[in-house]
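**Q** Build me a model from this:
(6 chains)
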Protein chains: 6
Amino acid sequence: MPFVHVELFEGRTLEQKTAIAKEITESIAKHAGAPKSAINVIFTDFPEGTLFQSGEMREKK
Amino acid sequence: MPFVHVELFEGRTLEQKTAIAKEITESIAKHAGAPKSAINVIFTDFPEGTLFQSGEMREKK
Amino acid sequence: MPFVHVELFEGRTLEQKTAIAKEITESIAKHAGAPKSAINVIFTDFPEGTLFQSGEMREKK
Amino acid sequence: MPFVHVELFEGRTLEQKTAIAKEITESIAKHAGAPKSAINVIFTDFPEGTLFQSGEMREKK
Amino acid sequence: MPFVHVELFEGRTLEQKTAIAKEITESIAKHAGAPKSAINVIFTDFPEGTLFQSGEMREKK
Amino acid sequence: MPFVHVELFEGRTLEQKTAIAKEITESIAKHAGAPKSAINVIFTDFPEGTLFQSGEMREKK
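**A** Predicted structure coming up:
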């Protein structure tokens, strides 16, 4: 712990995810005082057709 | 919020998921008084071989 | 399976959750063809100060 | 309930998952006194490039 | 990774959870070949009134 | 979407969580190109006695 699950639409590159994971890790280490080695960031990709807001399917932009 | 994660066996169509998402959204808006715009329904499909009940693999019917 | 995790702000009554759970179960049974006995609905309550949208804390209304 | 979500790197066989699910079910039934029929174990596979520790991508070994 | 989230009714003791966590860790290390140091087991307790099966509230036994 | 679930030991203040949520939102907006209004960050606090690593209970520092 901390564990950070990031759910987003599929299509982001490894570089994008790496940049996000680094900054999430920096932020939590700085503000929550957690050692970086304890911070895990896990990405789950979702295809279009899996997210519905206000009852409507949300398109991937 | 509210966020609703629906985990089910793969194989349902977009139409089936849309119908379920609409009714979940209606129900939560009606009974919990949450604005529809705040209600997110997210589907995750699971293939056979990922669910075990009583220690036994559960088949997809 | 299906498992349905409903995350919402704390403060809803057992009656509200029961009504929502019944309708979610009906909807999934009808549209996904899953037996009602296999449908699990799990509620997690979140206090104010746990949800942030656009980087701002979201108040409980 | 109990629901057990197991997140691990992809690549494990059905036999490996079945052996793990059986032992998790035995353990929870024995120590938590839950009936086996109520114990659900759900596996989610993650490809390489989805887990970051200390801000670095974790390789699948 | 592996991360194991165990959701169960509240009321189990630290000893019960420790025994379960040890056996889950042993099992995954043995069958999935994951190093024990990488295995995280996280318990979430649920009060009565949060789980509904077949649309009915499930009592804590 | 994106939804970001942050699981950490209890005890962090609203200020700490707000700072983390802002930076996570900034990072995902910048690197993933998601509109800030679509980014939800949800914190779940865990008491000591809920996290086990290598089969041992992990203390809250």
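
**Q** show me where pLDDT drops low in chain A?
**A** Chain A contains residues with pLDDT under 70 at A:61.

**Q** can you list the residues of it near chain F?
**A** A:1-9, A:12, A:16, A:19-20, A:23-24, A:26-28, A:31-32, A:34, A:46, A:51, A:58 (Cβ under 8 Å from any Cβ of the partner chain). Placement of C-beta: from N, CA and C, glycine included.

**Q** Near chain D, list only the ones from these.
**A** With the criterion set as Cβ under 8 Å from any Cβ, the members of these near chain D are residue A:26.

**Q** Just the buried residues of the residues of chain A next to chain F.
**A** A:1-9, A:12, A:16, A:19-20, A:23-24, A:27-28, A:31-32, A:34, A:46, A:51, A:58 (16 or more other Cβ atoms under 10 Å in any protein chain shown).

**Q** Let's see which of those end up in strands.
**A** A:3-9, A:46, A:51 (DSSP state E).

**Q** Turn the residues you listed into CSV, columns for distance to chain C.
**A** Output for those, formatted as CSV (distance: Cβ to the nearest Cβ, whole Å):
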residue, distance to chain C
A:3, 15
A:4, 13
A:5, 12
A:6, 14
A:7, 12
A:8, 15
A:9, 17
A:46, 15
A:51, 15
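
**Q** In TSV: those, plus distance to residue C:38.
**A** Below are these laid out as TSV (distance: Cβ to Cβ, whole Å):
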residue	distance to residue C:38
A:3	28
A:4	31
A:5	25
A:6	29
A:7	24
A:8	29
A:9	29
A:46	23
A:51	24
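
**Q** which of the residues you listed are close to chain E?
**A** Counting by Cβ under 8 Å from any Cβ, residue A:3 from those sit close to chain E.

**Q** now, among the ones in strands among the buried ones among the residues of chain A next to chain F, which is nearest to chain E?
**A** Among those, residue A:3 lies closest to chain E (Cβ to the nearest Cβ), at 6.5 Å.

**Q** Quick check: the gap between the residue lying closest to residue A:27 once chain neighbours are set aside and residue E:30.
**A** Distance criterion Cβ to Cβ, 6 or more residues apart in numbering or on different chains; nearest residue to residue A:27, sequence neighbours excluded, is residue F:23 at 3.9 Å. For residue F:23, the distance to residue E:30 equals 40 Å [Cβ to Cβ, to the nearest Å].

**Q** for residue A:50, same thing?
**A** Relative to residue E:30, residue A:50 is positioned 34 Å away (Cβ to Cβ).
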